[in-house]
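Sequence first, predicted coordinates after that:
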Amino acid sequence: MIRTKDHKTLNMFDSLDHLGPRRRQLLEQSWAPVFRKEILPELPVEQVAPFYSEQNGAPTKELYAMLGLMLAQQTFDLTDKEAVRQFAFNFEWHHALGIGDDSDQSAYVSEKTLWNMRRLLTEHDLYQAMFEIPTKKLAELCGVDPSLQRLDSVHVFSNMRHLGRIGLFVRTIKKFLHNLKRQCPGSSGFGKLEKELSERYLHKQKTSAFSMVKPSETTKTLQALAEDLLVIVRCFKEDAKVNSMSSYKLLMRLFEEQCVTENGEDGGERIQVRPNKEIASDSLQNPSDPDAGYDGHKGQGYQVQIAETCSTAEEEPALSLITHVAVESANKHDCGALIPALERAQKLGLAPEKILADTAYGSDDNHQKAQEQGVGLIAPVPGKEPGGELSLADFSFSEHEKVSACPQGQVPFKQSLNKTTRTALFARSTCATCSKRSQCPVLEGKRGYRLRYDGKQLRNARRRAFEATPLFMELYRFRAGVEATMSQYDRKTGVKHLRVRGFKNVAFCATLKAAGINLLRATAFINRKDSGAPGANTPTGAWIHLFQANGGLIRQFQALCSWILEQFRDFPAGTPQHLSLSANGAV
Ligand code: SF4
């Protein structure tokens, strides 16, 4: 049975009335009021509700509070146990999640319920809406200008052990043997294997021998492991039941990625372990997290792509809001992340006009695709800059990318186009005597000096020329600010070392943590904006609280109070002329 509360209707009585002014101020400046007022009523309960029966079963926990709990848990990087305790006893959380009483029904949730809700959100990708809805709302509330954004990625470690190749073989074989023993213990399953082989991996003392391998014996040990792997794979090759086991599929993946078979001298099958350099970066890293990849610089795990808004007005810092979060395996190149980020921001109604990114995102392809979407990519051109002081950008071109003049003002005597490559020929007599000859990209040929280029080279040369201008440097320096975001993202939410593993779980945590960063930043922004300006954060009584629901009424009430004070102005000391009037009308 579904249980939800209407969080949009304001409570007639002030739930903070019992707090002293200091504690009240602390609470009002925390994340809780922004969350309760702006985000809690907008959480995507309607997407979660269809997974529960409206009529049958035990009543659910209040669904808005449960979704809020998911977000708060990730924001503050809490374990399930810690989150349950905060939900039960923390008044700040109660205020944020709209929990109005201390009954177990409202303020208690078990770890299992928490786990079930997380699984529901993860399996059905519902957490995306939990990022998008609050982001849109906060952008609207804080008047965020999305025209300039920056994009970068951060490496994330999931909760898996980092294994070497020997460890990977042992763990994968062991996992399969454990499952086989449990699921197919008979003579057609686990009993089919030699006792010595299975004991080598399942017996604790024998397995420990694999962790004490001398570096000089690594190749020999790996070969022995590969031979065991071949025996196991071949033994169950035709067994449909074993073939369908996920641990057997991992064994097969390991076999294909790490080994190669060939015909032996005796006519039988021989297995060889592939050399390290032949192992792909998307190969299996650990059987307990098959989705993780490998990055040559940062290691095993995942990466999170983050795009955020930024502002160039330094005197009046604006709110930087994360507009895009995408999790991918660590082996993926950053290059492919730009266009999905632009598409997502567009879908969210927060599309940028310019986006700042580092060299990894700055390919010509990305530059062109971004331009097609009306977005200017400000990123250095990847690759080595061609030598010489003069480049293609120093030549003048006509509309159709034909050379109209060289840097010395000379016109080519012939031009041709071969598929995508253009050639411009300059007279030998002109170039041979030119003072810029040694710096010029033209090469001597049979018919004269030739300049060969294609559209991509020309675009890159122009971009490189732009990179050297003060305008580029002035804009590009704001890209570095994204590093501070990454640092905050990790310090506040612990995103770099997650407690979960598997792509979906990592994506769930990283996405909600980014939503949490948006919430914390928006809170700080609102407090900064409101400091010195009493308004929403000033103490309010129950009646004033009611009047706040209507701006017109509160202004009328203030005017009435002012008029009453005016009437008491001439009264002697001790009479109400000493009363003061706060901005919200409280006397
Ligand atoms: S070398 Fe030839 S193409 Fe190059 S600048 Fe001199 S005249 Fe122009």
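Right, received. Where do you want to start?

need the helix or strand of the chain with the lowest average pLDDT.
helix 542-547 (a mean of 40; mean pLDDT, DSSP states H and E).

where does Thr323 fall, phi/psi-wise?
phi -110, psi -10 (degrees, to the nearest 10).

Can you give me the pLDDT of it?
For Thr323, the model assigns a pLDDT of 95.

contacting residues for it?
By Cβ atoms under 8 Å, 6 or more residues apart in numbering, the contact set of Thr323 is Thr135, Ala139, Pro146, Gln149, Ala307, Glu308, Thr309, Arg344, Ala345, Leu348, Leu350. Where you see a C-beta, it was placed from the backbone N, CA and C, and this is true even at glycine.

Number of residues surrounding the third one?
Residue crowding around Pro146 was assessed by other Cβ atoms under 10 Å; the count is 20.

give me phi/psi at it?
phi -90, psi 10.

just checking, which of the contacts of Thr323 belong to helices?
Within these, residues falling in helices by DSSP state H are Thr135, Ala139, Arg344, Ala345.

how about the third one, what does it touch?
Contacts of Arg344 were listed using Cβ under 8 Å, 6+ apart, and they are Thr323, His324, Ala326.

Relative to His333, which of those is nearest.
Checking these against His333 by Cβ to Cβ gives Ala326 as the nearest, at 13.4 Å.

quick one: strands adjacent to the helix or strand hosting that closest one?
Using DSSP states H and E, Ala326 sits in strand 322-329. Counting by DSSP bridges, the strands paired with strand 322-329 are strand 299-309 (antiparallel).

mind listing what's buried in the partner strand?
Buried residues in strand 299-309, counted by 16 or more other Cβ atoms under 10 Å: Gln300, Gly301, Tyr302, Gln303, Val304, Gln305, Ile306, Ala307, Glu308, Thr309.

how about the CA coordinates for it, as PDB?
What follows is strand 299-309, C-alpha atoms only, in PDB (Å, rounded to 0.1, in the frame of the first residue of the first chain):
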ATOM      1  CA  GLY A 299      44.100   2.300 -12.800                       C
ATOM      2  CA  GLN A 300      41.100   0.000 -12.500                       C
ATOM      3  CA  GLY A 301      37.500   1.200 -12.000                       C
ATOM      4  CA  TYR A 302      35.200   3.800 -13.500                       C
ATOM      5  CA  GLN A 303      35.200   7.500 -14.500                       C
ATOM      6  CA  VAL A 304      32.500  10.100 -14.000                       C
ATOM      7  CA  GLN A 305      32.000  12.800 -16.500                       C
ATOM      8  CA  ILE A 306      30.900  16.100 -15.000                       C
ATOM      9  CA  ALA A 307      29.700  19.200 -16.700                       C
ATOM     10  CA  GLU A 308      29.000  22.400 -14.700                       C
ATOM     11  CA  THR A 309      28.000  25.900 -15.300                       C
END
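
Show me what the mean pLDDT comes to for that strand.
For strand 299-309, the per-residue pLDDT averages 95.

mind checking how far it is from the chain centre?
5 Å (Cα atoms, centre = their mean, to the nearest Å).

give the contact list for the residue nearest to Leu126 when sequence neighbours are not counted.
The shortest distance from Leu126 to any non-neighbouring residue, by Cβ to Cβ, 6 or more residues apart in numbering, is to Gln47 (5.2 Å). For Gln47, the contacting residues are His124, Leu126, Ala129, by Cβ under 8 Å, 6+ apart.
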